[in-house]
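[1] test case, fold it:
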Amino acid sequence: MDLFSRSWAALRAAVAALPDESFARPSGCTGWLVRDLVCHLVIDAQDVLITLVTPTTAEASRDAVTYWNVTGTPPAGDDPLDALTVRLAAAYGGPGLLKFHLDDVGSAAGRAAELADPGQRVRTQDMVLTAGEYLSAYVLEWTLHHLDLIAHLPGAVRPPVEGLARSRAMLEEIAGAPFPGAWSDEHVLRTGTGRRSPTDAERTELGALTARLPLVLG
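    Residues are numbered from 1 along each chain as shown. Now for the predicted structure:
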């Protein structure tokens, strides 16, 4: 849960440090500008708040790794919810209000996570997890989106190294196999989730794992 807080705080700080003109740059998410991604982070923060105040006595059905719905089809940017996010981001009219809203709702989500009982079971999307497992899953969410945020912004604040390492470990659990040890955590996360395509040489290194990629997490 501490890693959730550090990853989330780092992502919010990276957004806060962006100059206004960066919000019109492409992000690492297909079809989204940086402003669209930041709007998505506001929605994510709302989801965290909603989930943490939705306790249940039902048995846990998922953990931080099995929380993810894994497909092999990268998003095309035409999903109705994705399109709604783009329209909502544009409605902010500028980066100032969007930054404020993320700081406001995001800070609340961070405080709720710090106050949560890690053993309390919560319900989200027809799944039941402990709060600790749910927040652990979001370490991967925050880390991937931090990489998306800075994909075309050289010099921007990077994700915490411990968040990258934990996210790599979770992705390898999802994949059911390790990625090449010489690859950096960031390289593994970008390649494994389809944010970049492996070269022919990298496909040889990946071996049988190549057939399972990309691991598109939803």
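[2] strands of the protein, residue ranges please.
    Remark: strands assigned in the chain by DSSP state E are 70-71, 121-124, 127-130, 216-217.
[3] mind putting those into TSV with distance to residue 154, mean pLDDT and mean neighbour count?
    No exception for glycine: its C-beta is placed from N, CA and C like everyone else's. Listed next are the strands of the chain as TSV, based on distance: least, Cβ to Cβ, whole Å; pLDDT from 0 to 100; neighbours: other Cβ atoms under 10 Å:
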stretch	distance to residue 154	mean pLDDT	mean neighbour count
strand 70-71	31	94	14
strand 121-124	36	98	19
strand 127-130	37	98	20
strand 216-217	26	96	18
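[4] could I get those strands in a markdown table, plus columns for distance to residue 96?
    Converted to a markdown table, these look like this (distance: least, Cβ to Cβ, whole Å):
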| stretch | distance to residue 96 |
| --- | --- |
| strand 70-71 | 36 |
| strand 121-124 | 31 |
| strand 127-130 | 35 |
| strand 216-217 | 31 |
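[5] in the longest helix along the chain, what counts as buried?
    Looking across the chain with DSSP state H, the single longest helix is helix 95-115. Counting neighbours by 16 or more other Cβ atoms under 10 Å, one finds that the buried residues in helix 95-115 are 95, 98, 99, 101, 102, 103, 105, 106, 109, 110, 112, 113.
[6] equivalent analysis for stretch 189-203, please.
    189, 190, 191, 192, 193, 194, 195, 198, 202.
[7] coming back round to it: mean confidence (pLDDT) on the longest helix of the chain, please.
    On average, the pLDDT along helix 95-115 is 98.
[8] picking that back up, tell me which of the strands of the chain lies nearest to residue 23.
    Comparing those against residue 23 with Cβ to Cβ, the closest turns out to be strand 216-217 (24.6 Å).
[9] quickly run through the sheet partners of the closest one, with directions.
    Each strand that strand 216-217 pairs with, and the sense of that pairing, follows from DSSP bridges: strand 70-71 (antiparallel).
[10] now the strand it pairs with: how far from the chain's centre is it?
    Computed by Cα atoms, centre = their mean, to the nearest Å, the chain-centroid distance of strand 70-71 equals 15 Å.
[11] and for that strand, what's in contact with it?
    In this structure, residues lying in contact with strand 70-71 by Cβ atoms under 8 Å, 6 or more residues apart in numbering are 174, 215, 216, 217, 218.
[12] name the helix or strand of this structure that has the lowest mean pLDDT.
    Within the chain, confidence by mean pLDDT, DSSP states H and E is lowest for helix 80-91 among all helices and strands, at a mean of 92.
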